[in-house]
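Novice: Kindly return the folded structure for what I paste below:
(one chain, ligands or ions: 1)
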Amino acid sequence: MIRPVIAADLRAFHAVMMAADMDPRSSWNRTTLEGLEQSLFAPGLGGFVAVDGGKVCGCVGFRPDGEDTLTLNKLATLPRYRGQGIGVALVRAVEQFASERGFGRVLLAVSQFNLEVVPYYERLGYVQADEIYAFASPGSPVPVVLVKAIQSPLQKVVT
Ligand SMILES: CC(C)(COP(=O)(O)OP(=O)(O)OC[C@H]1O[C@@H](n2cnc3c(N)ncnc32)[C@H](O)[C@@H]1OP(=O)(O)O)[C@@H](O)C(=O)NCCC(=O)NCCS
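Specialist: Predicted coordinates for the structure are as follows:
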């Protein structure tokens with residue numbers, strides 16, 4: 001089941017991120033509980049969790065960058081839950097949210113230390129873009145930016 005993240009999920013969300021086995025050089029591994037709380041629960045920000053039998057097994061966050069762009073961040077699935085479509089379902093949840101709220105696109109950044117995940121997003125329709133990531137970690141190498149156009153629900157009815 002995919003549902004919006006709530007405050008009580010904070011530790012479990014963080015634990016899923018820390019279990020992702022990211023490259024130690026990535027700023028991902030320096031995410032603190034306090035930093036995560038600020039990036040999920042301020043007005044306009046949020047995320048989703050995947051839950052299996054009450055256990056959080058996947059997570060994703062989002063954050064607007066202007067009126068047209070919703071950025072997707074912190075996508076992770078616990079290793080033993082991978083390959084079951086949970087990651088795709090979490091990405092779709094953010095895309096659905098973006099569509100409902102009238103964002104024209106979803107944008108995400110992939111760390112230079114995690115480039116093997118780029119084809120994963122490309123399979124989901126994301127295209128590399130020569131853009132600056134607004135929320136890049138200071139001191140980290142410039143990430144790869146990927147973008148996907150999102151149809152509004154109205155456009156879907158019309159087309
Ligand atoms: C990336 C990640 C979230 C994918 O989660 P997941 O739940 O395994 O994803 P799904 O099960 O929805 O994957 C769907 C498909 O993508 C494929 N896939 C998974 N990782 C891939 C990769 N790196 N490149 C290309 N395809 C990939 C799966 O094999 C699966 O293919 P199939 O449907 O043909 O079997 C997970 O591997 C993870 O947590 N990685 C560590 C954290 C991370 O890198 N996050 C991204 C930060 S930008």
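Novice: Which single residue of the protein ends up nearest the ligand?
Specialist: Residue of the chain nearest the ligand, by CB to the nearest ligand atom: Gly87 (2.6 Å). For every residue, glycine as well, the C-beta is placed using N, CA and C.
Novice: What's the mean pLDDT across the lengthiest helix in the chain?
Specialist: Taking DSSP state H as the criterion, the chain has its longest helix at helix 86-100. Helix 86-100 carries an average pLDDT of 98.
Novice: which residues of this protein fall in helices?
Specialist: Using DSSP H, the helices assigned to the chain run over residues 10-18, 33-41, 86-100, 118-123, 153-158.
Novice: still on that earlier bit, need the contact list for the closest residue to the residue of the chain closest to the ligand other than its chain neighbours.
Specialist: The shortest distance from Gly87 to any non-neighbouring residue, by CB to CB, 6 or more residues apart in numbering, is to Thr77 (5.1 Å). Counting by CB atoms under 8 Å, 6 or more residues apart in numbering, Thr77 makes contact with 16, 50, 57-58, 86-87, 90.
Novice: Report pLDDT for Thr77.
Specialist: So Thr77 comes in at 98 (pLDDT).
Novice: count of residues packed around Ala134?
Specialist: 14 (other CB atoms under 10 Å).
Novice: Measure how buried the nearest residue to it once chain neighbours are set aside is and give me the count.
Specialist: Using CB to CB, 6+ apart and skipping residues adjacent in sequence, the residue nearest Ala134 is Asp65, 4.6 Å away. Using other CB under 10 Å, Asp65 has 15 neighbouring residues.
Novice: Provide the partner residues of Asp65 in its beta bridges.
Specialist: When assigned by DSSP bridges, Asp65 has beta-bridge partners Thr69.
Novice: Right, I'll leave it there.
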